[in-house]
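> Quick one, fold the following:
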Amino acid sequence: MRVAQSPPLTQGPSWVKAFLGLFGLGKSEADASSGDKKAASPPVPGVITRTLQRSRETLGGIGESVASVWNLANDNRLARYVMMIVLFTVGLGVLVYYIEHWAAPTGTSLEGESIQITNLERGLWWSIVTMTTVGYGDLVPKTTPGRIIGFLTMLSGMGLTSLVTAAFSSLLVAQALAASSGLEAITSVGHTLITGWNDRVEAVIQGLIASTPGGKPEIVLVNLLDQEKLAELKYKYRRINLRFVRGDSTSEQALERAGVAKASNCIVMADTLVAPGGEDLRSTVIVLTASKMNSDLKITAELMISDNEADIRRVGVDDIVLAGQDAGFFMSAGALAPGLGNAAREMLRASGEAELRRIDFPRNLRGLTYQEVFQAYRQQNILLVGLISERINVSLDDLMGAGTGWVTGLIRRLMAEASSEILGQDQEKIQVLWDPGDEYIIGSTDAALIIAQPLTVT
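Numbering: from 1, shown residues only. Now for the predicted structure:
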């Protein structure tokens with residue numbers, strides 16, 4: 001009994017032999033036996049051979065570039081999937097173009113239909129439409145090999161598109177979870193940090209809102225507040241850009257995630273959540289760390305004990321607020337000077353008819369005397385009540401210059417031992433001058449202390 005044998009793969013149309021030859025298939029036994037005598041010519045179309053020969057160096061360079069980009073995207077799953085889609089789309093678009101021309105060199109398929117993918121642009125367009133599962137149907141392969149490529153493109157498109165969609169969704173969910181749990185890294189510029197937590201933080205937030213033009217300050221909280229309280233706080237101040245970084249505010253890692261290097265201001269609150277009784281020590285550490293990470297940062301610190309004021313001034317704080325220091329004034333004013341406390345609260349509240357404000361002097365007023373500036377503001381219905389002067393820190397090197405002699409070294413050493421007295425390290429960086437004198441010249445480090453309705457002077 002004879003078993004029927006299937007015909008060899010080499011029997012059939014010529015394009016079948018050529019297509020199988022691309023993958024090293026379809027050789028007959030005669031071809032295999034004669035391989036030792038004479039190398040058989042591979043059934044690869046001349047157009048593909050010539051194209052590969054001409055573009056070998058170019059493809060090599062492209063391969064190296066693709067490998068470099070792949071290595072960069074190796075740590076990002078979404079970027080890796082997007083790159084895979086791009087590579088598959090371009091590769092299959094180019095492949096279907098060459099396959100169509102190879103299987104139908106005359107421009108007409110075996111069924112008598114004219115091929116539609118007549119150039120690389122059309123091949124890429126067909127690949128994009130097919131990979132994204134859109135399927136307009138304006139361009140379709142007309143040859144059997146082209147349809148095989150189309151089938152592979154459909155499968156690749158469905159799989160890769162699903163991967164990208166899943167990766168993108170995962171990225172969004174991860175970012176949302178990081179933001180809600182306080183683990184995101186802040187990339188903003190010019191924001192205000194509020195470190196620590198106590199029952200006065202909300203009053204500080206409300207003050208920043210009232211004092212910011214537009215009422216939408218960019219605030220970043222750095223503390224260990226529980227999730228329930230944080231969610232309540234975010235909902236209450238949902239109209240402003242309030243963000244949260246969870247962590248110990250004394251650590252560089254937490255401050256770095258909060259974007260301290262690009263922040264404009266830092267308000268250090270006495271943290272009653274972490275160390276009741278040791279708030280001032282924590283505040284001193286935070287001021288020292290933050291000032292090292294950003295030398296231009298304006299730092300205001302809240303202290304619980306006035307005896308610690310000298311210590312925290314040495315580490316770079318710009319302003320200090322003692323908790324409860326104004327209670328005595330308001331209590332005594334209510335008893336002995338009725339109305340005085342109300343007037344002070346009205347100016348400090350930043351929401352009344354008269355507001356106490358600090359504004360920068362415009363360029364045309366700098367260099368004038370205090371009396372001239374007072375009259376200029378008076379004409380705008382603004383009362384100038386004093387100046388705020390920022391002291392510029394002077395180092396030993398600034399005072400001594402670049403001298404290297406033994407006398408200079410001796411003086412430098414003596415000055416270093418008494419630096420707190422000579423350089424005034426215990427003095428405030430910001431000084432309030434209530435009566436600088438009519439002939440006082442307005443300098444570049446001076447700002448105006450005014451009582452007025454508007455926030456700024458134009």
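
> Give me the three-state assignment for residue 282.
helix (DSSP: H, G, I helix; E, B strand; the rest coil).

> For the residue nearest to residue 116 when sequence neighbours are not counted, give me the pLDDT.
Counting by Cβ to Cβ, 6 or more residues apart in numbering, residue 116 lies nearest to residue 139, which is 4.9 Å off, once chain neighbours are set aside. For the C-beta atoms, the positions are set from N, CA and C on the backbone; glycine is no exception. According to the prediction, residue 139 has pLDDT 82.

> In contact with residue 139: list those residues for me.
Counting by Cβ atoms under 8 Å, 6 or more residues apart in numbering, residue 139 touches 116-117, 122, 125-126, 129.

> Give me the phi and psi angles of residue 126.
Here is the backbone geometry of residue 126 (degrees, to the nearest 10): phi -60, psi -40.

> Can you classify the residue nearest to it when sequence neighbours are not counted as helix, strand or coil?
Spatial nearest neighbour of residue 126, chain neighbours left out: residue 139 (4.4 Å); criterion: Cβ to Cβ, 6+ apart. Judged by three-state DSSP, the three-state class of residue 139 is coil.

> What's the separation between residue 267 and residue 229?
19 Å (Cβ to Cβ, to the nearest Å).

> same deal with residue 187?
Distance from residue 187 to residue 229, by Cβ to Cβ: 25 Å.

> Name the residue in those two with the higher neighbour count.
When residue 187 and residue 229 are compared on other Cβ atoms under 10 Å, the one with more neighbours turns out to be residue 229, at 11 against 8.

> Let me know the pLDDT of the most centrally placed residue in the chain.
Compute the mean C-alpha point of the chain, and by Cα atoms, centre = their mean the closest residue is residue 187, 3.2 Å away. Looking at residue 187, its pLDDT is 86.

> can you check residue 65 too?
54.

> again, but for residue 42
41.

> So, low pLDDT: which residues of this structure?
Within the chain, the stretches with pLDDT under 70 are 1-77, 171, 174-183, 349-353, 391-429, 454-458.

> tell me the domain boundaries of it?
According to automatic domain parsing, the chain comprises the domains 1-41, 50-179, 183-322, 353-452.

> Need those in TSV (columns: distance to residue 330).
Listed next are the domains of the chain as TSV, based on distance: least, Cβ to Cβ, whole Å:
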stretch	distance to residue 330
domain 1-41	90
domain 50-179	40
domain 183-322	14
domain 353-452	16
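
> Can you say which of these is packed in most?
domain 183-322 (a mean of 18; mean count of other Cβ atoms under 10 Å).

> list the contacts for the residue lying closest to residue 248 once chain neighbours are set aside?
Excluding the flanking residues, the one nearest residue 248 by Cβ to Cβ, 6+ apart is residue 254, at 5.7 Å. Contact partners of residue 254, counting by Cβ under 8 Å, 6+ apart, are 222, 245-248.

> Out of these, give me the two with the largest separation.
The most widely separated members of these, counting by Cβ to Cβ, are 245 and 248 (10.6 Å).

> Quick check: residue 107 touching residue 114?
Yes - at 6.0 Å, residue 107 counts as touching residue 114 under the criterion of Cβ atoms under 8 Å.

> and for the two, which residues touch both?
By Cβ under 8 Å, 6+ apart, no residue touches both residue 107 and residue 114.

> Residue 339 is nearest to which of the domains of the chain?
Closest to residue 339 of the domains of the chain is domain 353-452 (Cβ to Cβ; 13.7 Å).

> which one of the contacts of residue 254 is nearest residue 319?
residue 222 (18.7 Å).

> if we can go back for a sec, look up phi and psi at the residue nearest to residue 248.
The phi/psi pair for residue 254 (degrees, to the nearest 10) is phi -70, psi -40.

> So what touches stretch 191-199?
201, 204-205, 208, 217-225, 249, 255, 258-260, 262-274, 279, 282-283, 286, 290.

> how about the closest residue to residue 241 other than its chain neighbours, what does it touch?
Once flanking residues are discounted, residue 241 sits nearest to residue 218: 4.6 Å by Cβ to Cβ, 6+ apart. For residue 218, the contact set (Cβ under 8 Å, 6+ apart) comprises 188, 190-192, 240-241.

> Farthest-apart pair in those residues, please.
Using Cβ to Cβ, the two most remote members of these are 190 and 240, lying 14.5 Å apart.

> ok, residue 281 - contacts?
Counted by Cβ under 8 Å, 6+ apart, residue 281 has contacts residue 275.

> mind running it again at 10 Å?
250, 275, 308, 311-312 (Cβ atoms under 10 Å, 6 or more residues apart in numbering).

> likewise residue 260?
Taking Cβ under 10 Å, 6+ apart as the test, what residue 260 contacts is 186, 191, 193, 195, 220, 222, 245, 249, 252, 254, 266, 286, 289-294, 297.

> Out of those residues, list just those in helices.
252, 254, 286, 289-293 (DSSP state H).

> and which of those residues is nearest residue 169?
Nearest to residue 169 among those, with distances taken as Cβ to Cβ, is residue 254, at 29.1 Å.
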